[in-house]
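# Turn this into a model:
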Amino acid sequence: MEIEFSESNISNKDTNTKNCSYCNKPFTEVWCKECINSLEKLAENGDEEAMYNLAVCYQDGEETEEFSEKAFHWYQKAAENGYEEAMFSLALCYENGEGTEKNLEKAFYWYQKAAENGDEEAMHNLALSAENGFEEAVHNLAVCYKNGVGTEKNFKKAFHLYQKAAENGFINAMLNLAMCYEDGEGTEKNLEKAFYWYQKAAENGDDDAMFNLASCYGNGEGTEKNLEKAFYWYQKAAENGDEKAMFSLAMYYENGEGTEENLEKAFYWYQKAAENGDEGGMFNLAVCYENGMGTEKNLEKAFYWYQKVPESYKIKINSEIGVELCNECKQPYIDYQWCQQCNTKRFQQDFSNWASKNEFINKFIEEAQLEARN
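Model (predicted):
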């Protein structure tokens, strides 16, 4: 698509016009028209650098709404395709409302993306956003300090920023602040404060906090041990799709902790946990099928789920509770059936090898086959 340039873009020898951002020649109608048409062809074919340069040309062109919108469009396309320089420029567009509506959340998002790619100016703007009290910016800046994104790791600064965002009601910050207190990261270890912030985050709907709060109640960490409350929060987290909570909830049903023993519900939640990829859920579901616990005994399904369990988890369980694995099929013993199968296969192979080398057996088989034909 060709762009029509107005006379205001044509340079004059008596004026101090700047050069074209792309070709670096005097900013005239002819040069910029050629640049834009060439860049548009490349950009529309997926060239990220061309997208960025095209955006710069539009931004440096006429100060009109049309040019601003086109600059924003191509900065956005380039940034979404991973072009690092465009990320910072796109953030500026969102922050200043250039070519689009002003949106500080999106501005911060793209500043963060640029900072993750090492843009120091973007990191500076992240810090400014945090200083201006934008809670999500405060939290995400804390994440940058914790993980060393765009800056050196600094657990104390991360803790301080998590605390600031949490106290202003940002739920993710509540969870991360609790984890700082639990692990003693950036501050002194304090299980009571960890419990407090897990509770605040859980009450505001954070699934991970629900699971961690349940663990606090279950283990008596930072609060008195209370299996009923542990069961309650495991159930809340499990119903919200947390596979770790599904496994823990099944354990509570199996052992009658915090609720009445219910093997059918234990089986149900082990199955849910297993289907969602929880290794413990897979193993315990296999045990349920093996022993007919909460469901009908089904050794084929038991074997299926034992096979799904990663080898690393089998080794871990073996070391913890002494589950024996067959040396050949590497599966747990199940009523001798699976190891019996291995023994049967071995016997058949050995007999076949022995028979093939025994002239008497071969002669006997030949005579038997001859008699059968007669």
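# how's this protein carved up into domains?
1-102, 119-204, 230-348 (automatic domain parsing).
# So which of the ones you listed is the most surrounded?
domain 119-204 (a mean of 20; mean count of other CB atoms under 10 Å). Where you see a C-beta, it was placed from the backbone N, CA and C, and this is true even at glycine.
# what distance separates it from the centre of its chain?
Distance of domain 119-204 from its chain centroid, counting by CA atoms, centre = their mean, to the nearest Å, is 19 Å.
# same thing with stretch 75-91?
With CA atoms, centre = their mean as the basis, stretch 75-91 stands 23 Å off its chain's centre.
# quick one: average confidence on that stretch?
Mean per-residue pLDDT for stretch 75-91: 91.
# can you check stretch 304-316 too?
pLDDT averaged over stretch 304-316 gives 78.
# just for the chain, where's the confidence low?
1-33, 62-63, 118-120, 129-134, 150, 313-374 (pLDDT under 70).
# The same query, at a cut-off of 80, please.
Applying pLDDT under 80 to the chain flags the ranges 1-36, 60-64, 104-105, 108, 112, 115-138, 140, 144, 149-151, 311-374.
# and stretch 127-136, how far apart are its ends?
12 Å (CA to CA, to the nearest Å).
# Give the full set of residues in contact with the closest residue to Phe159 other than its chain neighbours.
In space, Phe159 comes closest to Gly186 once its chain neighbours are excluded; the distance is 3.0 Å by CB to CB, 6 or more residues apart in numbering. Contact analysis of Gly186 by CB atoms under 8 Å, 6 or more residues apart in numbering lists 146, 155-160, 180.
# Helix, strand or coil: sort out Gly186 for me.
coil (DSSP: H, G, I helix; E, B strand; the rest coil).
# Which one of the domains of the chain lies nearest to Phe108?
Checking those against Phe108 by CB to CB gives domain 119-204 as the closest, at 4.9 Å.
# Would you agree Gly99 is in contact with His73?
Yes - Gly99 lies in contact with His73 (CB atoms under 8 Å); the separation is 7.3 Å.
# Got phi/psi on the residue nearest to Phe159?
Main-chain dihedrals, Gly186, degrees, to the nearest 10: phi 80, psi 0.
# Please convert the contacts of Gly186 to a markdown table, extending it with secondary structure and distance to Gly82.
As requested, these are exported to a markdown table (DSSP: H, G, I helix; E, B strand; the rest coil; distance: CB to CB, whole Å):
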| residue | secondary structure | distance to Gly82 |
| --- | --- | --- |
| Lys146 | helix | 24 |
| Phe155 | helix | 30 |
| Lys156 | helix | 33 |
| Lys157 | helix | 28 |
| Ala158 | helix | 27 |
| Phe159 | helix | 32 |
| His160 | helix | 32 |
| Cys180 | helix | 32 |
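# could you dump those residues to JSON lines with distance to Thr295?
Compiled in JSON lines, these are given as follows (distance: CB to CB, whole Å):
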{"residue": "Lys146", "distance to Thr295": "44"}
{"residue": "Phe155", "distance to Thr295": "47"}
{"residue": "Lys156", "distance to Thr295": "52"}
{"residue": "Lys157", "distance to Thr295": "52"}
{"residue": "Ala158", "distance to Thr295": "46"}
{"residue": "Phe159", "distance to Thr295": "47"}
{"residue": "His160", "distance to Thr295": "51"}
{"residue": "Cys180", "distance to Thr295": "42"}
